[in-house]
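Q: Turn this into a structure:
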Amino acid sequence: MKLVILDRDGVINHDSADYIKSAEEWQPIEGSLEAIAKLSRLGFTVVVATNQSGLARGLFDLDDLEAMHSKLTEMVETRGGSIAAIFYCPHGPDDNCSCRKPKTGLVDAIEVEFDVCAEGAPFVGDSLRDLETGLAKGCQPILVRTGKGEQTLAKLAKEPVDGLENTPVFDDLAAAAAYIADHFG
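A: Okay, the predicted model is just below:
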């Protein structure tokens with residue numbers, strides 16, 4: 001199985017400091033849905049791993065989150081692709097759970113669900129916690145400049161993290177997907 005793990009907010013869809021709270025607010029970044037569909041058509045199992053602390057904060061409920069994920073899934077399907085699964089952490093930053101990135105619980109769950117080892121799989125994110133999660137599981141972290149990507153790049157330039165020195169950086173998910181297709185196919 002060729003596994004690809006994607007963060008959601010800031011990678012697939014536009015992010016907001018006020019959180020994405022509804023399907024109406026959930027808007028894809030240009031080219032991201034086509035990139036997911038392309039990877040899917042090339043035989044990759046595309047899985048989303050996302051922190052959704054807005055649930056714990058009471059900013060939206062499970063029905064709202066499911067509506068956002070239905071919109072994402074349907075939009076990818078209309079482009080000829082599929083998302084194998086969406087894993088999310090519903091906890092807040094102070095809940096000390098094992099699934100909130102940068103902890104590895106979401107990737108652990110992906111490995112169990114698909115009976116696969118995530119080691120070596122591309123993990124695309126826009127934040128340091130995404131990259132650290134991928135690194136901790138032996139994935140290939142990939143940074144996109146969308147979302148918090150530019151801030152993450154600046155932070156890494158000031159405070160390098162062991163193991164992330166050679167992280168590939170791309171303008172967006174479409175460019176990252178082209179790299180993944182060429183290097184992980």
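Q: tally of neighbours for the nearest residue to His14 once chain neighbours are set aside?
A: Computed as CB to CB, 6 or more residues apart in numbering, the closest residue to His14 that is not its neighbour in sequence is Gln27, at 5.1 Å. For the C-beta atoms, the positions are set from N, CA and C on the backbone; glycine is no exception. Gln27 is flanked by 12 other residues according to other CB atoms under 10 Å.
Q: ok, now the one 10 residues further on?
A: A total of 21 residues lie near Ala37 under the criterion other CB under 10 Å.
Q: Touching whatever helix or strand Leu156 lives in from outside, list them.
A: Applying DSSP states H and E as the criterion places Leu156 in helix 149-158. By CB atoms under 8 Å, 6 or more residues apart in numbering, the residues outside helix 149-158 that reach it are 10, 126-128, 131, 143, 145, 164, 167, 169.
Q: Which members of the residues you listed are classed as buried?
A: Neighbour-count burial within the contacts of helix 149-158 applies to 10, 126-128, 131, 143, 145, 164, 167; the criterion is 16 or more other CB atoms under 10 Å.
Q: mind listing which of these are in helices?
A: The members of those that map onto helices under DSSP state H are 128, 131.
Q: Mind picking the two most distant members of the buried ones among the contacts of helix 149-158?
A: Maximum pairwise distance among these (CB to CB): 17.3 Å, between Gly10 and Leu164.
Q: For the strand with the most length in the chain, C-alpha coordinates in CSV please.
A: Longest strand of the chain, by residue count under DSSP state E: strand 44-51. Provided in CSV are the C-alpha atoms of strand 44-51 (Å, rounded to 0.1, in the frame of the first residue of the first chain):
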residue,chain,number,x,y,z
PHE,A,44,-2.0,6.1,-3.3
THR,A,45,-4.1,5.6,-0.2
VAL,A,46,-4.8,9.2,0.8
VAL,A,47,-5.6,9.7,4.5
VAL,A,48,-6.2,12.9,6.4
ALA,A,49,-4.9,13.4,9.9
THR,A,50,-6.2,16.7,11.5
ASN,A,51,-6.4,18.3,14.9
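Q: what's it packed up against?
A: When contacts are defined as 3 or more CB pairs under 8 Å, 6 or more residues apart in numbering; DSSP states H and E, strand 44-51 packs onto strand 2-6, helix 32-41, strand 85-89, helix 105-114.
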